[in-house]
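Colleague: Build me a model from this:
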Amino acid sequence: MDLNFNKNEDHNKLLLSDLRQKFAKIKLGGGEKRIQKLHAEGKMTARERIDYLLDANAESIEIGAFVGDGMYKEHGGCPSGGVVVKIGHIKGKQCIVVANDATVKAGAWFPITAKKNLRAQEIAMENKIPIIYLVDSAGVYLPMQDEIFPDKEHFGRIFRNNAIMSSMGITQISAIMGSCVAGGAYLPIMSDEAIIVDKTASIFLAGSYLVKAAIGENIDNETLGGATTHCEISGVTDYKAKDDKDALDKIKNIVDKIGDYDKAGFSRIKAQKPTLNEKEIYGILPKARTEQYDMMEIILRLVDNSEFEAYKEGYGQTIITGYARIDGWAVGIVANQRKVIKTKKGEMQFGGVIYSDSADKATRFIANCNQKKIPLVFLQDVTGFMVGSKSEQGGIIKDGAKMVNAVSNSVVPKFTVVVGNSYGAGNYAMCGKAYDPRLIIAWPSAELAVMGGTQAAKVLAQIEASSLKAKGEEVNEAKEAELFAKIKARYDEQTSPYYAASRLWTDAVIDPLETRNWISIGIEAANHAPIEKAFNLGVIQV
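Modeller: Numbering: from 1, shown residues only. Coordinates of the predicted model:
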């Protein structure tokens, strides 16, 4: 291996080490002291509950681990959005599990908590997989109630989704394992079945203090809304559990009896590992986001047996399209080629840029995958569409619109991996979050923004300098450099994969070597939902 490979490898392994350190901190939720307090109350943590519930030897993935990262500092932070979400197997059946983390503000709901819960429900609805709620929450975080209560994508949408999923026949099971108050009480009771843990759990619309204030009644919380009340008097809950493990065992027993599902019928054969060394991805992926590399070398280390059937290989070469298998599943891959291409006409095309011919090729390939019922995998490292008079006269807007149209109307499941750059309209054309990928994940090397940090900082610094000059202030070279450095630092922070993950623009930041597992679990989930709509591009300009 050459020196450049070694430098890249060192850089990417440092990024991976940073990822692991961040995740180790996130896993502690509200911290060791709060975990100890929970254990002293005879309760398990959210992560312990999920680990006990999921099958031990089956693969699982965590959605939104970095949600809330760096947010709400004035409120003490909200690690993982105060809720843990995983897709895994219970008694061999794939499910999504949502568990409130009571070590984070007693499991209170921040605005980002609602967004993450809605994302979990969206995954359940798209893929028609059972969803399990492990409830232990103090309800809405009142200091921020105006940002979580009344809007369409706020707290109330959760209960609307409960009702919609019930009508769709999607299994919903809830275990009340701690506090469950006010509007939040509707979530478990709008589920198909509800379990409540004796003595440590309670559910009511108003707690004892509020009842006293509202109607003058003196009553304790256990009598008001404990397990005995709701299992033997009100009939609100269906099962009484003696402790957390007993409640989780009851969930396992219920899930174990669920019948089989209708399958979408995506092709799968016995999985094979890539023949090329997957770990070499660390050395291939360049340290600088501006450097060129061959995306095909990445693809061959992600796909089964390192086999890839290229589609229109010699045409529109700044996008790679072709068929492969990942963990046995047939996939169609659409990837940005990051090396400079010399066309048959002798022209040079920049890597990572979408040209008219590459957009045209991708559109056709996406249509083919929809025709053949093959899930799509997008590997993003894109700076955008080609600009300039030649491209405009060649119809780049029209060809780009056709590609966006194909991505938008695709009916096969889509999965997006942000490998490197994800800039501007390139993010859209390559199936960014706005285009409904079933899962969207980022590598630690990813950057998501309207444009690159240096270009954006130059533009913004020029605007700010002009504004200062208009006010009569002197702006010399030193001042311009100071403005540029300040703006670039802020912009670079916002392009970080963790900034995107904290806001759920992506579902996770992962080790590149976990990519195959994420896509495999994603397609397995998608296979629960037969395709009911025909692929139709609608009106496009030819």
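Colleague: And residue 405, how far from residue 334?
Modeller: 14 Å (Cβ to Cβ, to the nearest Å). Placement of C-beta: from N, CA and C, glycine included.
Colleague: Looking at the two, which is more packed in?
Modeller: For residue 405 versus residue 334, the count of surrounding residues by other Cβ atoms under 10 Å is larger for residue 334: 29 against 18.
Colleague: Next, give phi and psi for the more buried one.
Modeller: In terms of degrees, to the nearest 10, the main-chain angles of residue 334 are phi -120, psi 110.
Colleague: where does the stretch 351-500 of the chain dip in pLDDT?
Modeller: For the stretch 351-500 of the chain, applying pLDDT under 70 flags the ranges 451-453, 456.
Colleague: ok, which stretches of it are helices?
Modeller: Using DSSP state H, counting those that start in this stretch, the helices of the stretch 351-500 of the chain run over 356-372, 389-393, 396-409, 424-429, 453-470, 477-495, 497-502.
Colleague: Report the beta-bridge partners for residue 348.
Modeller: Assessed by DSSP bridges, residue 348 has beta-bridge partners residue 342.
Colleague: So which residues make contact with the lowest-mean-pLDDT helix or strand in the chain?
Modeller: Every helix and strand in the chain was compared by mean pLDDT, DSSP states H and E; the lowest is helix 453-470, with a mean of 75. Residues from elsewhere that reach helix 453-470, judged by Cβ atoms under 8 Å, 6 or more residues apart in numbering: 447, 449-450, 475, 479-480, 483-484, 487-488, 491-492, 495.
Colleague: Any chance of those in TSV with distance to residue 18 as columns?
Modeller: Conversion of the contacts of helix 453-470 to TSV gives the following (distance: Cβ to Cβ, whole Å):
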residue	distance to residue 18
447	15
449	20
450	25
475	36
479	33
480	32
483	29
484	26
487	24
488	20
491	20
492	15
495	16
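Colleague: Select only the buried ones of these in PyMOL?
Modeller: Per 16 or more other Cβ atoms under 10 Å, the buried members of the contacts of helix 453-470 correspond to this PyMOL selection:
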select buried, resi 447+449+475+480+483+484+487+488+491+492+495
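Colleague: Which pair of the contacts of helix 453-470 spans the longest distance?
Modeller: Greatest spatial distance among the contacts of helix 453-470 (Cβ to Cβ): 447 and 475, at 28.8 Å.
Colleague: ok, residue 300 - how many residues close by?
Modeller: The tally of other residues near residue 300 (other Cβ under 10 Å) stands at 21.
Colleague: scratch that, residue 166
Modeller: Summarising burial for residue 166: neighbours were counted as other Cβ under 10 Å, giving 14.
Colleague: just the one 10 residues further on next, same as before
Modeller: Summarising burial for residue 176: neighbours were counted as other Cβ under 10 Å, giving 30.
Colleague: Likewise for residue 538?
Modeller: As a burial measure, residue 538 scores 7 neighbours (other Cβ under 10 Å).
Colleague: And the pLDDT for it?
Modeller: Confidence at residue 538, expressed as pLDDT, is 81.
Colleague: Grab the nearest non-local neighbour of residue 438.
Modeller: In this structure, residue 438 finds its nearest non-sequential neighbour in residue 413, 4.6 Å apart by Cβ to Cβ, 6 or more residues apart in numbering.
Colleague: need the contact list for the one you found.
Modeller: Listed by Cβ under 8 Å, 6+ apart, the contact set of residue 413 reads 266, 375, 376, 438, 522, 523, 526.
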